[in-house]
Structures are given as structure tokens and as C-alpha cells.
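In: predicted model and sequence follow; I will ask about them next.
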Amino acid sequence: MGTIYKRGKTWWIKYYQNGKPSYKSSESTKKMVAKRLLDKIEGEIAQGKTPSIHFDKTTFKQLADDLINDYTINGKKSLKRAKQSVNNLQRFFEHYTAQAITTPKIREYVGMRMEEDISNATINRELSALKRMFNLGLQQTPPVVERLPHIPMLKENNARKGYFEHGDFINLHKELPEYLKGFVTFAYKFGWRFEEITGLTWSQVDREQWIVRLEVGETKNDDGRTIYLDEKLKSVFQHQWETRKKREIITPFVFPNKNGNGRIKDIRGSWFKACEVAGIGRRLFHDLRRTAVRNMVRAGIPERVAMMISGHKTRSVFERYNIVNDADLKQASQRQAEYINSLTVTDTVTIVDFG
């Protein structure tokens, strides 16, 4: 049985769990407050539960560290994004305990991020990271959090209509630095992700058959991928190979950085400058991925094959990138009109007067 006792003017409790004594201040000068706290703790222990006061010790920082550790040891490709989410969450919850992170506080955080003009999609990724923190805490033995608070997610509109018409791409291509021209051409043709192209090495290229391969585990969705280069890209890769041989420092990357001695890391400065000079407005590199999908579908490539080339695992995401623009809608209207005009009336038509 536990006991209550005084330290100075404050009442403390002593209780036992698994035969080991623990001590806790009631933070009150009233004996009855300490008695109620002891009864509560002993009741939870009798039910086989971890005393709820243990969860008071768990901090946001502890949950965040556990999340990053989980992503690290499991080799998750989204580790960088998880760290970004944690950094943003930390600005608000840094001095909070897990118990203090309630649904109203989470709504406050969402409000703060919305005032900063952050997209719903980005906020949802941060909320998902917070939810993962609590789930990891619940999975520990014993658990370090008492419950998972309700975390309301925001409605997203993921359909972005950013893409390149061919003329826009040609204008952009002219204004890009030389080291980015082949890099961007490859993205325009096949719609690979930025990291997949920057990480492409010559060991993944068969220069006899002009085949490029990503092995299982080298892509975002862990699937392998094989593509055959067309004549334009054959010349691009041949140029990259010949340029590589002339350099003093030999790099394994097909599309190395400006200095030719390592991997491309950030092209935003050169990219946005080229967009401005080309007069095409502010575009995103990811718009090339959407454009490649749309162009493949328009070219009559079966969707299953197009998905294998671009690396889309689920049809829902692929369909979101298969953008329809005004020209598509106009063409559909024209084709429908041509079809209707080609029909011949073979049945006798009776005009009925409904007046």
C-alpha cells in the first residue's frame, strides 16, 4: 500500500509498482489532494495500467527524437521531409509535454501555419508526422504516451495545372546553363523525379543498347525501372559521356553539377532565372513530370506502360498528373461534332407536338 507524507508544506505520495517504490509530489498543501492522487494511481496499477502521471514526463522533443530515429534506422527515403516537419512542429510544441498536446492546441498550430500562408498539403504532412510520433510512443513497452489525440486533417486540392507546352519548353531550354540542358531534356521526356535523375550514374546505363535502369530500392516507391533512350536522348547521353572523359575529375554521375565534380543538388537559382528570361512565368521542375505524363498519354502510349516509365505506382496519382487543358477540351468537342455529323438517319422520325 502507498503512503502520503509531508515535505515542508507540500504533501507527497509514495506508491509501489512491480515491487518498486516511486515518489510523486501532489504539488498541494492539502492532504486530501495527495490522498486522491494516491487512490487514482493505485487504481490504475490495480487495473494493470501504467499510472497516468508517468506520461507527464514525456516531452515533445522525446517524441520527435524517436520519430527521426525510427526513420533513420528503417532507411526511409522521406527522412529529409520528416526532419523538415519536425522543425516546423518544434517551433510551436518545443516546450510542451505529450499530455499537453491536445486537439485544441493542434488546431492552434494549424491556424499559425495557415497564417504563414503554408499549403494544406504541407500542413497535413506535418500533422501526419505528429500522429506518427504519438503512435510510436504508444507502441513502446511500456508506452510513453497515454493516448493519441484527435488530429484533424485539412482538405487538400492536389491537382496542380502546371505543365509545359512544347514551345515553352524549347524557350526554357535555350536559356538554361549548358550543364542543365541534357538534364532537363531527360526530365521532359520521361518525367523522372529530381532525385532520380541527379542520382543517375553511368553504372545504370547500358551504352551498347542505350538502356537506363533503376534497380529495386533505388526509387521512391522501391520498384525497379527500365527505359530505352530515343535518338535525341542517345545524343544527349553520348555528349555527357564524351564531356566526362575530358574532365580532370571523373564523376560517376551522368548529369554532374556545374563544376563537373559531383552530384547536382539545387538548380532553383538557374531554373527560375531561365524561366524569367524565357518569358514563360514561374514554373516548377516538377511540372516536367506532369508534362511527360500528359505527352505520353497523348502519344497513345498505354497508361500501364507510361506509369512504368514515369515511376507512378498508383493510378490515382498518375491520373492526377494526366492534365486536361483547354486545347484537349476543344479537340474533344470538335471530334464529337465530326462524329455526330458523320451519322446518317436511317429511322423514320416522328415529330411529336407536346403543346
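Out: Arrived safely. Please read these numbers as outputs of a predicted model, since none were measured by experiment.

In: name the next helix or strand downstream of the helix or strand hosting Val212, please.
Out: For Val212, the host element (DSSP states H and E) is strand 211-214. With elements assigned by DSSP H and E, the helix or strand that comes after strand 211-214 is strand 225-228.

In: buried residues in that next one, which are they?
Out: By neighbour count on 16 or more other C-beta atoms under 10 Å, the buried set for strand 225-228 is 225, 227. Yep, even glycine has a C-beta here, placed from its N, CA and C like the rest.

In: cool, stretch 124-136 as well?
Out: For stretch 124-136, the neighbour count (16+ other C-beta under 10 Å) marks 124-127, 129-134, 136 as buried.

In: contacts for it, please.
Out: With contacts defined as C-beta atoms under 8 Å, 6 or more residues apart in numbering, stretch 124-136 is touched by 60, 63-64, 66-67, 70, 81-82, 85-86, 88-89, 98, 101, 106, 110, 113, 145, 147-149, 151-154, 156.

In: just the terminal-to-terminal distance for stretch 64-82.
Out: 10 Å (C-alpha to C-alpha, to the nearest Å).

In: which other residues reach it?
Out: Stretch 64-82 has contacts (C-beta under 8 Å, 6+ apart) with 83, 86, 89-90, 125, 129, 132-133, 136-137, 220.

In: and after the lengthiest helix in the chain, which helix or strand comes next?
Out: Assignment by DSSP state H gives helix 120-139 as the longest helix of the chain. The element immediately downstream of helix 120-139 (helix or strand, assigned by DSSP H and E) is helix 166-175.

In: just checking, what packs against that next one?
Out: Other helices and strands packing on helix 166-175, by 3 or more C-beta pairs under 8 Å, 6 or more residues apart in numbering; DSSP states H and E, are helix 178-190, helix 268-278.

In: show me what counts as buried in it.
Out: 168-169, 171-173, 175.

In: check the offset of that helix from the chain's centre.
Out: How far helix 166-175 lies from its chain's middle: 28 Å, per C-alpha atoms, centre = their mean, to the nearest Å.

In: repeat that for stretch 64-77.
Out: Relative to its chain's centre, stretch 64-77 lies at 15 Å (C-alpha atoms, centre = their mean).

In: list the buried ones in it?
Out: 64, 66-67, 70-71.

In: stretch 17-25 too?
Out: Lys24.

In: quick one: mean pLDDT for it?
Out: Averaging pLDDT along stretch 17-25 gives 78.

In: repeat for stretch 104-122
Out: Stretch 104-122 comes out with an average pLDDT of 91.

In: then it to PDB, C-alphas only?
Out: Only the C-alpha atoms of stretch 104-122 are listed here, as PDB (Å, rounded to 0.1, in the frame of the first residue of the first chain):
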ATOM      1  CA  PRO A 104      -7.300  22.500 -29.400                       C
ATOM      2  CA  LYS A 105      -3.600  23.100 -29.300                       C
ATOM      3  CA  ILE A 106      -3.200  21.200 -32.600                       C
ATOM      4  CA  ARG A 107      -5.800  23.500 -34.100                       C
ATOM      5  CA  GLU A 108      -3.900  26.500 -32.800                       C
ATOM      6  CA  TYR A 109      -0.800  25.100 -34.600                       C
ATOM      7  CA  VAL A 110      -2.800  24.700 -37.800                       C
ATOM      8  CA  GLY A 111      -4.000  28.200 -37.600                       C
ATOM      9  CA  MET A 112      -0.500  29.500 -37.100                       C
ATOM     10  CA  ARG A 113       0.700  27.700 -40.200                       C
ATOM     11  CA  MET A 114      -2.200  28.900 -42.300                       C
ATOM     12  CA  GLU A 115      -1.400  32.500 -41.300                       C
ATOM     13  CA  GLU A 116       2.100  31.900 -42.600                       C
ATOM     14  CA  ASP A 117       0.400  31.000 -46.000                       C
ATOM     15  CA  ILE A 118       1.500  27.400 -45.900                       C
ATOM     16  CA  SER A 119      -0.400  25.000 -48.200                       C
ATOM     17  CA  ASN A 120      -2.800  22.500 -46.700                       C
ATOM     18  CA  ALA A 121      -0.800  19.600 -48.200                       C
ATOM     19  CA  THR A 122       2.400  20.800 -46.300                       C
END
